[in-house]
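Student: compute the structure for the input listed below.
(2 chains)
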Amino acid sequence: MKLYGRRSMAGGCLAILAGLVALAAPAHAQNYPTRSITMIVPFAAGGPTDVIARIVTGHMAQTLGQAIIIENVVGAGGTTATTRASKAANDGYTLITGHMGTHAASVPLYPKLAYHPEKDFEPVGLLAGTPILILARKDLAPKDLKEFITYVKANETKVNAAHAGVGSVSNVSCELLNSVLGVKPVGVPFNGTGPAMNALVAGQVDYMCDQIVNAVPQINGGTIKAYAIATAERNPSLPDVPTTTEAGLPAFQAQAWNAIFAPKGTPAPIIAKLNEAIVKALDDENVKKRLLELGSVIPGPKDRTPEALAALVKSEIAKWTPVLKPAG
Amino acid sequence: MGDVFSNLSLGFGVVFQLVQWTPAFLGGVSIPIPVNILLCLIGALVGTLVGVLPGIGTIATVAMLLPITFGLPPVGALIMLAGIYYGAQYGGSTTSILVNIPGEAGSVVTALDGFQMAKKGRAGPALAIAAIGSFFAGCVATVLIAVLGAPLTKLALAFGPAEYFSLMVLGLIFAVVLAKGSVLKAIAMIVFGLLLSMVGSDIETGASRMAFNIPELADGLGFATVAMGLFGFAEIIRNLDAGGETDRQLVQQKVTGLMPTKKDLLDSTPAILRGTVLGSILGILPGGGAVIASFAAYTLEKKVSKHPEKFGHGVIEGVAAPESANNAAAQTSFIPLLTLGIPPNAVMALMVGAMTIHGIVPGPQVMQKQPELVWGMIASMWVGNLMLLIINLPLVGIWVRLLRVPYRLMFPSIVVFCAIGIYSVNNAPTDVVLAGVFGLVGYWLIKHDFEPAPLLLGMVLGPLMEENLRRALLISRGDWSVFLTRPLSAVLMAIAAGLLVLAVLPSLRKKRDQVFVESEN
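Tutor: I've put the predicted structure just below:
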């Protein structure tokens, strides 16, 4: 069996390897993508993040000429999936749609987090923002936000705030509201937005903070009421709900956001190509219309770059860390 | 009443809607296609299929198939998803009866008597009565949704954390009655189940409990994982024992009659009726009501039966009641979604997702704003149930024939299907390993006459019980009297106490002994 010497064997292997590298490298950057892309969504199919990811990636797939397959991986507030994405091959074929929780609030919430949003990911682009509302049961005494603030401060030991589970958007945004108001009401945890909303509609709890998507039909149906929206501008789907600035609580600004990230070390040309596809999707009339229907805020041109997303992640981690550290 | 009829006719109009299909190759000739009926049929078929595949539960299936429906019109998509949901309820009983593997919480009790019937060669009647009971329950529940949907919503809202806790306490009492062997062992199993349910994140603080730094355990043990292990794998190990082999051959040889006899039907009728009523009521409660429907129905049957000692040894009522109850509950659990726009369980949450994708976010006005969607779905449930009956009755013969497959060929395929099913729930290999571990635990338990059903009930009810206890106490600021001062909660507690007294009081000891006859094997 001594057909080849050890040296020639090693040499042959090297030559093949070199050939493969030579073949693969240019194909990598220039022709990307040559096969379908996996998009990890760290939440259940049909949830707010999933819906936004599907709307935008549906259009991105057309631009890139390859299918984008969504893989819903749930668990531990989205951190299971994000850990998996952080360890995926950085060839641009595995991406993740992260959100405020997985790529900012998780840092103070989970001390043993297996990834760091800034160190283990390359930001690709922001998809959409989801405004947060201050909601209350329909028969809660205060008529507007001013009265609500006085009421909560006066009844700090009596009021109950519902949230959709530790680490959920409703939980962290309510913590922010409480820290802005300087109160510590009892937080009643539920398993998801549905049960929390059910408790609010049934009047079992007093107030909660939640994303606009699920709240709009309930507000319009008169089963709950909204005091304010925590964004700079009013939302077209709830034109009568004032902003927190208008209603006298400018310090409470919160918006859930969804953005695409790639594992650290993904080549810059690939990131650029993906970002271009996101921008193109956000400019599409149909995509715009569907995102607006959900109550989402579409990022403006200067907020769409990878650099802008990197800055957002940095500022969000800085924003949530002091709020959630003492609580978590 | 007039409203209901006009609404239902609107619904049936939607279901039987014909879409003109004009393919180019026919040169302009258009063919009318009943798209929604076809989607309903596909949903029912897929649901039956995944219900039959051990391991793949309803939630996993709906989650996996949800993306496919995004390309369909919203009404069609929801009709199909609903079909998968109740189709799986039909299919789920099949594995429970044939191979003692409950695919989901609702079919755990079906396995108790269903599998014993199969062992006696009566798999056919068990499967048939499960399908007939489900059909009847489905029809009644559909009418209930149409006629009383809106007023029943109040019940869903009247249930707060305190009421749920009391309901779960009642559920645990059911678990004791469920046992056919020693009461002490049943209680030990319930407590073990409760303990297993504590694995995962603390609901209030998010702190990790008993997860041993294994990330896959951060969200707790999955029902499918534990059920597959304790029932499926443990049963296989036991069958591969020298003693088990002859047992298996017995099953294969004795197959008699595919359809229920007249006596079977007579025995089952009251069980189906009671199961339907109980299931319909419990199904309305969001967050856990449907889970205990089948347990409650089984307990009720055992309590009212003239021969309670036969339960657990293959009586047809033990299959008819829980199967009717879980199907009725599956249907009425749509009520909170259709009237309030709030999803009462994980499957419904996925359906809300499907609606959201189509730009419809359901709310309290969904009935007024989307009457075609709501009534189309309600009407489709009736059509779907009829289809399921037609699909399932002829299938009984095929399933029973499957039992004749030599066990050496059968068990590897069961193991493979279970492993695929468990893996597909979370795409986590750890879950498959855990199921294997629970298989060994389950084998030990069988060998020592511990029954896995109370354990599973403890595990299913555990989180609901703990979460609602803590919510109730958070809201009451630690005042335990809420469980007795809130009327609904007090009634439930009283029933639970009554059942307990019945089991404990020495003067009633004799009666109790009839209920809990010592296990024989």
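
Student: would you mind measuring from B:His307 to chain A?
Tutor: To chain A, B:His307 is 41 Å away according to Cβ to the nearest Cβ, to the nearest Å. (Each C-beta comes from the backbone N, C-alpha and C, glycine too.)

Student: looking at the stretch 1-150 of chain A, what residue ends up closest to chain B?
Tutor: For the stretch 1-150 of chain A and chain B, the shortest gap (Cβ to the nearest Cβ) falls at A:Gly46, measuring 1.2 Å.

Student: how about the residue nearest to that residue when sequence neighbours are not counted, what does it touch?
Tutor: Of all residues beyond its chain neighbours, the one nearest A:Gly46 is B:Gly353 (1.2 Å), with distances taken as Cβ to Cβ, 6 or more residues apart in numbering or on different chains. Shown in contact with B:Gly353 (Cβ atoms under 8 Å, 6 or more residues apart in numbering or on different chains): A:44-47, A:50-51, B:66.

Student: again, 10 Å this time
Tutor: Taking Cβ atoms under 10 Å, 6 or more residues apart in numbering or on different chains, we find B:Gly353 in contact with A:43-48, A:50-51, A:54, B:62-63, B:66, B:70, B:81, B:343.

Student: now, which of those residues sits nearest B:Val177?
Tutor: B:Pro343 (31.2 Å; Cβ to Cβ).

Student: secondary structure element holding the closest residue to that closest one other than its chain neighbours?
Tutor: Ranked by Cβ to Cβ, 6+ apart and with sequence neighbours excluded, the top spatial neighbour of B:Pro343 is B:Ala349, at 4.0 Å. Element membership of B:Ala349, judged by DSSP states H and E, is helix B:346-357.

Student: packing partners for whichever helix or strand comes after that helix?
Tutor: Later in the chain than helix B:346-357, the nearest helix or strand by DSSP H and E is helix B:366-369. Contact analysis of helix B:366-369 by 3 or more Cβ pairs under 10 Å, 6 or more residues apart in numbering or on different chains; DSSP states H and E lists helix A:212-220, helix B:334-340, helix B:371-402 as its packing neighbours.

Student: which ones are touching whichever residue of the stretch 101-250 of chain A sits closest to chain B?
Tutor: Across the stretch 101-250 of chain A, no residue is closer to chain B than A:Pro217, which sits at 2.2 Å (Cβ to the nearest Cβ). Contact analysis of A:Pro217 by Cβ under 10 Å, 6+ apart lists A:223, A:237, B:340-342, B:360-366, B:369.

Student: contact partners for the residue nearest to B:Pro343?
Tutor: By Cβ under 10 Å, 6+ apart, the contact list for B:Ala349 reads A:44-47, A:192-195, B:59, B:62-63, B:337, B:342-343.

Student: most neighbours among those residues, which one?
Tutor: Of all those, the most densely surrounded is B:Ile342 (31 neighbours; neighbours counted as other Cβ atoms under 10 Å in any protein chain shown).

Student: so which elements touch the strand or helix carrying A:Pro322?
Tutor: Using DSSP H and E, A:Pro322 sits within helix A:306-327. The helices and strands touching helix A:306-327, judged by 3+ Cβ pairs under 10 Å, 6+ apart, are helix A:106-109, strand A:121-137, helix A:169-181, strand A:255-263, helix A:268-283.

Student: one more time with 8 Å, if that's ok
Tutor: Packed against helix A:306-327, as judged by 3 or more Cβ pairs under 8 Å, 6 or more residues apart in numbering or on different chains; DSSP states H and E, are the following elements: helix A:106-109, strand A:121-137, helix A:169-181, strand A:255-263.

Student: so can I have JSON lines of these showing mean pLDDT and distance to chain B?
Tutor: Formatted as JSON lines, the helices and strands packed on helix A:306-327 follow (pLDDT from 0 to 100; distance: least, Cβ to the nearest Cβ, whole Å):
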{"stretch": "helix A:106-109", "mean pLDDT": "86", "distance to chain B": "7"}
{"stretch": "strand A:121-137", "mean pLDDT": "93", "distance to chain B": "11"}
{"stretch": "helix A:169-181", "mean pLDDT": "90", "distance to chain B": "9"}
{"stretch": "strand A:255-263", "mean pLDDT": "92", "distance to chain B": "14"}
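
Student: okay, those in a markdown table with mean neighbour count next?
Tutor: Putting those into a markdown table (neighbours: other Cβ atoms under 10 Å in any protein chain shown) gives the following:
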| stretch | mean neighbour count |
| --- | --- |
| helix A:106-109 | 22 |
| strand A:121-137 | 26 |
| helix A:169-181 | 24 |
| strand A:255-263 | 25 |
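
Student: so which of those is nearest B:Cys139?
Tutor: With distances scored as Cβ to Cβ, the stretch of those nearest to B:Cys139 is strand A:121-137 (37.1 Å).

Student: put the alpha carbons of the closest one into CSV.
Tutor: Only the C-alpha atoms of strand A:121-137 are listed here, as CSV (Å, rounded to 0.1, in the frame of the first residue of the first chain):
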residue,chain,number,x,y,z
PHE,A,121,-22.7,39.6,15.9
GLU,A,122,-22.3,41.8,12.8
PRO,A,123,-25.2,44.2,12.6
VAL,A,124,-26.9,44.0,9.2
GLY,A,125,-29.9,46.3,9.3
LEU,A,126,-32.9,47.5,11.3
LEU,A,127,-36.2,46.2,10.0
ALA,A,128,-38.9,48.0,12.0
GLY,A,129,-39.8,49.5,15.4
THR,A,130,-42.9,48.6,17.3
PRO,A,131,-44.2,51.3,19.6
ILE,A,132,-45.0,50.5,23.2
LEU,A,133,-48.2,51.7,24.9
ILE,A,134,-49.3,52.3,28.4
LEU,A,135,-52.5,50.3,28.8
ALA,A,136,-55.0,49.9,31.6
ARG,A,137,-58.1,48.1,32.4
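
Student: chain center to that strand, what's the gap?
Tutor: Remark: strand A:121-137 is offset 6 Å from the chain centroid, using Cα atoms, centre = their mean, to the nearest Å.

Student: report the angle between the helix or strand just after that strand and strand A:121-137.
Tutor: With elements assigned by DSSP H and E, the helix or strand that comes after strand A:121-137 is helix A:145-154. Going by axes from the mean of the first three to the mean of the last three Cα atoms, to 10 degrees, helix A:145-154 is angled at 90 degrees with respect to strand A:121-137.

Student: buried set for helix A:145-154?
Tutor: Using 16 or more other Cβ atoms under 10 Å in any protein chain shown as the test for burial, helix A:145-154 gives A:145, A:148-149, A:151-152.

Student: over to stretch B:38-46?
Tutor: Quick answer for stretch B:38-46 (16+ other Cβ under 10 Å): B:39-46.

Student: which one of the residues you listed is nearest to B:Gln89?
Tutor: Using Cβ to Cβ, the buried residues of stretch B:38-46 come closest to B:Gln89 at B:Ala44, 10.7 Å.

Student: pretty sure that closest one sits in a strand.
Tutor: No: B:Ala44 is assigned helix when assessed by DSSP: H, G, I helix; E, B strand; the rest coil, not a strand.

Student: wait, it touches B:Leu81, no?
Tutor: No: in this structure B:Ala44 lies outside contact range of B:Leu81 using Cβ atoms under 8 Å: 11.3 Å.

Student: not counting sequence-adjacent ones, nearest residue to the spatially most central residue of chain A?
Tutor: Closest residue to the average C-alpha location of chain A: A:His99 at 1.6 Å, with Cα atoms, centre = their mean. Closest residue to A:His99 apart from its sequence neighbours, by Cβ to Cβ, 6+ apart: A:Asn258 at 4.8 Å.

Student: I'd guessed the one you found sits against A:Thr49; true?
Tutor: Yes: using Cβ under 8 Å, A:Asn258 and A:Thr49 qualify as a contacting pair, with a distance of 5.3 Å.

Student: got any residues that touch both of those two?
Tutor: What both A:Asn258 and A:Thr49 touch, as defined by Cβ under 8 Å, 6+ apart, is the set A:97, A:99.

Student: pLDDT weak spots in the chain?
Tutor: Reading this off chain A. A:1-29, A:326-328 (pLDDT under 70).

Student: correction: the question concerned chain B.
Tutor: B:1-2, B:21, B:23-24, B:26-28, B:54-57, B:178-180, B:242-256, B:287-290, B:503-521.

Student: many thanks, have a good one.
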